[in-house]
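**Q** make a model of this:
(chains A and B)
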Amino acid sequence: MSIQEFLQHVANGTSLGSLYALIAIGYTLVYGILRLINFAHGDIFMLGAYITYYGIIYTPIPWWLVFILACVLTGLVGLTLEKLAYKPLRGQPRITILISAIGASFLLQNLGVLLFSGRPKAFPTPAILSRTLIIGGVSVSLISIIIPIVTIIILAILSFIIQKTKTGMAMRALSKDYEAASLMGIDINGVISFTFFIGSFLAAVGGIMWGIKYPQLIPLMGVMPGLKCFIAAVIGGIGNITGAVIGGFILGLGEIMLIAFLPSLTGYRDAFAFILLILILLIKPTGLMGEKIAEKV
Amino acid sequence: MKKVILLALSAVLVLGSLAGCAGGGSTDTDSGSENDVIKIGVFEPMTGANAAGGEMTVEGIELAHEKVGEVLGKKVDLVIVDNKSDKVEAANAASKLIEQDKVVAIIGSYGSSLSMAAGDIVKNAQVPAVGCSPTNPLVTLNNDYYFRVCFIDPFQGTVMANYAFNDLGAKTAAIIQDVQSDYSVGLSRYFVEAFTKLTGDANSIVTTTSYNAGDQDFTAQLTSVKSLNPDVIFAPGNYGESALLIKQARDLGITAPILGGDTWEAPEFLSIGGAAVEGAVYSTHFTAESPVTDVSEVFLTDYKAKYNNDANAFAALGYDAYMLIIDAITRANSTDPVAIRDAIAATEGFVGATGNITLDANGDAVKSAVINKVEGGKFTYLTTVEPIK
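**A** Numbering: from 1, shown residues only, chains lettered A, B, ... in the order given. The predicted structure follows:
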């Protein structure tokens, strides 16, 4: 393998990994605060992509504004989902709310088939974003450079919100002890709504980036990325946003390198991700960056 | 308040009993007319990765049904079931058609793997099935109840290998196949056989690399292919994955011509692939640009009138499959599935929209192939290749 080919593989892996990282952040954020694995996250990601599609095709709004509006709208959808499917179950055993999340996921998928039809749609990529650059013999599409930058910026903003602002403090308090936080006068519902809004907003950002990179929209498009990003979040230590980004990069690079160096194992690409999940859960269940949760006596 | 609720409840009860009566009445007439209706089942992918192919096929079947809605003096009912582009669902759909709907014959399905999933079911139930576009030889092999109105992959693979070698002057080729699809793997194999025979060099296939249906990222495979610098790339697969694959190939700077099979013919291939799929060449069953029989002309006009669009190969094959079954029922002069099966097997010189159909001993049609190329954002006709006699 020439050095140039290797660099091309690294570029491909980084680009895929940063996309996983972007979606994993939203996953891990919701888990970190609520201890809920939001299985509908992948389907909210799908909705974000479709909302953008309809916004660009059927309205005269410029594409960059559609991007922002679609993210906000998807954020509101996520917020509504929390109110309808999760809030009534708060205080119930955790497994109940998990089952509700799986149900919500199926509901959104089938709603997608009904509303958007089963036939794929081509994502309308703005021409300016579909350019390809050649740097030292390595081809990189413009979007592959934009995605990691967006991911890093979002990571920085979120870290700031969580560590430095009052809402962030409330989020942290909530994740440590739900009841104590509510006794301290923290607006539980407000904080949870905010968390879901941000999580779904990020899912939509991921959906748009995904659409530009892989311009094929289908109602089930969120299933595999949803699972992969869940794995990325677990690798990094679920609940930890920096960990989710690292997990995403590991998964993306790992997948590309598996195919590059062991082409005969290509068929096991998805299996590789799941084996990684099992290994992490066996060897280091808290993930790379996760904190050890002290047993409550 | 209570009164209102009571009133509402009693209204519901009354309505319910009325509906019960109406329901009872209609069941009576239904069972009375049971003998006057012939049911033909259709199982096609209407959702999932093959949705476009299934929908196009069903359009053709419905057009044919509108044209000939009666046979042996009885009304024909189409029972259409979605097999969701999934092998398990395809088997379930075929079982449902046979056991629940008691169809006398089945049409479908787009996708060789989906058809093969129903193979044993139709064979055991002794209900004939006619595939519109499943091209893998295994669909009909050793199955007396499965037929098809299209050619098979040994022919299609040879056609594309000939095109690569003779028309493009290619000496080396790379294969990129979808390992989950019997169609893609089979067609690739026949291409490799024909291509190595033409070049006389077993090393003329520089690599065979794979992906899974549903994958979105092919950059790793394509980067490896690029380093081997083949003259041509053969990459048969679903239209969606193939369009993404070609787009990523062009983004990576691969300039070699990329060839595929009949599944590429879907509007989504053009819209998803955009400018990247310009120049892609594939083989198919039929083109609106070169009608082959009198029936083709009628089909093209009727299709345009109903759907206000140019017809495609899958609609034409759906049309032919339906018409062939109707023709067989007429010849059998019976609605017994086994008698219909025998009549289908004896089909000779049936004039369809896609050409003259004669079924061979395996139940496969021996027909010419069409080669199309994407030019100016449209599928354009290149040439027709006659079958090897």
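**Q** partner strands of the helix or strand where residue B:233 lies, parallel or antiparallel?
**A** Element membership of residue B:233 [criterion: DSSP states H and E] is strand B:232-234. Strand B:232-234 pairs in its sheet with strand B:173-178 (parallel), strand B:258-260 (parallel), by DSSP bridges.
**Q** quick one: check the very next helix or strand once past it for contact with chain A.
**A** Toward the C-terminus, strand B:232-234 is succeeded by helix B:239-251 as the next helix or strand (DSSP H and E). Yes. Applying Cβ under 8 Å from any Cβ of the partner chain, one finds helix B:239-251 in contact with chain A at B:240, B:243-244, B:247, B:251. Every C-beta, even on glycine, is put in place using the N, C-alpha and C of the backbone.
**Q** between helix B:239-251 and strand B:173-178, how big is the angle?
**A** 140 degrees (axes from the mean of the first three to the mean of the last three Cα atoms, to 10 degrees).
**Q** ok, back up a step: what would the strands paired with strand B:232-234 look like in TSV with mean pLDDT?
**A** Shown next, in TSV, are the strands paired with strand B:232-234 (pLDDT from 0 to 100):
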stretch	mean pLDDT
strand B:173-178	95
strand B:258-260	96
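**Q** make JSON lines out of those strands and add mean neighbour count.
**A** Shown next, in JSON lines, are the strands paired with strand B:232-234 (neighbours: other Cβ atoms under 10 Å in any protein chain shown):
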{"stretch": "strand B:173-178", "mean neighbour count": "26"}
{"stretch": "strand B:258-260", "mean neighbour count": "25"}
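**Q** how about those strands, which one is nearest residue B:39?
**A** strand B:173-178 (34.2 Å; Cβ to Cβ).
**Q** with only the CA atoms kept, save the closest one in CSV.
**A** The C-alpha trace of strand B:173-178 is given here as CSV (Å, rounded to 0.1, in the frame of the first residue of the first chain):
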residue,chain,number,x,y,z
ALA,B,173,-11.6,-4.9,-14.9
ALA,B,174,-12.4,-4.5,-11.2
ILE,B,175,-15.6,-6.0,-9.6
ILE,B,176,-17.5,-4.4,-6.8
GLN,B,177,-20.4,-6.6,-5.6
ASP,B,178,-23.1,-6.5,-3.0
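**Q** for chain A, what are the nearby residues on the stretch 251-389 of chain B?
**A** Residues of the stretch 251-389 of chain B lying close to chain A by Cβ under 8 Å from any Cβ are B:251-253, B:268, B:271-272, B:274.
**Q** what packs against the host helix or strand of residue A:271?
**A** Using DSSP H and E, the element containing residue A:271 is helix A:269-283. Helices and strands touching helix A:269-283, as assessed by 3 or more Cβ pairs under 8 Å, 6 or more residues apart in numbering or on different chains; DSSP states H and E, comprise helix A:223-236, helix A:241-261.
**Q** isn't residue A:145 right next to residue A:132, touching?
**A** No. Using Cβ atoms under 8 Å, residue A:145 is not in contact with residue A:132; the gap is 10.5 Å.
**Q** okay, now the unreliable bits of chain B?
**A** B:1-35, B:389 (pLDDT under 70).
**Q** helices of that one, residue ranges please.
**A** All helices of chain B, identified by DSSP state H, fall at B:2-33, B:51-67, B:87-99, B:112-125, B:153-162, B:182-199, B:219-228, B:239-251, B:267-273, B:294-307, B:313-332, B:337-345.
**Q** buried set for the fourth one?
**A** Read it as helix B:112-125. Using 16 or more other Cβ atoms under 10 Å in any protein chain shown as the test for burial, helix B:112-125 gives B:112-119, B:121-123, B:125.
**Q** quick one: residues contacting residue A:74.
**A** Listed by Cβ atoms under 8 Å, 6 or more residues apart in numbering or on different chains, the contact set of residue A:74 reads A:44, A:47-48, A:51, A:200-201, A:203-204, A:207.
**Q** count of neighbours near residue B:357?
**A** As a burial measure, residue B:357 scores 25 neighbours (other Cβ atoms under 10 Å in any protein chain shown).
**Q** quick check: it vs chain A, distance?
**A** As judged by Cβ to the nearest Cβ, to the nearest Å, residue B:357 and chain A stand 29 Å apart.
**Q** and that residue, bridged to which residues?
**A** As for beta bridges, residue B:357 partners with residue B:350 under DSSP bridges.
**Q** near chain B, which residues of the stretch 51-200 of chain A show up?
**A** Proximity of the stretch 51-200 of chain A to chain B is confined to A:113, A:117-122, A:132, A:134, A:139, A:141 under the rule Cβ under 8 Å from any Cβ.
**Q** again, only this time at 7 Å
**A** Residues of the stretch 51-200 of chain A lying close to chain B (Cβ under 7 Å from any Cβ of the partner chain) are A:113, A:118-120, A:122, A:132, A:134, A:139, A:141.
**Q** ok, back up a step: which members of the residues of the stretch 251-389 of chain B next to chain A are the farthest-apart pair?
**A** B:253 and B:268 (24.9 Å).
**Q** more neighbours, those two?
**A** Here residue B:253 and residue B:268 are compared on neighbour count by other Cβ under 10 Å; more neighbours surround residue B:268, at 21 against 14.
**Q** surely that one and residue B:239 touch.
**A** Yes. Contact criterion Cβ atoms under 7 Å: residue B:268 and residue B:239 qualify, at 5.4 Å.
**Q** now for those two: what residues contact both?
**A** residue B:52 (Cβ atoms under 7 Å, 6 or more residues apart in numbering or on different chains).
**Q** quick check: the residue of chain B nearest chain A.
**A** Across chain B, the shortest distance to chain A (Cβ to the nearest Cβ) belongs to residue B:47, at 3.0 Å.
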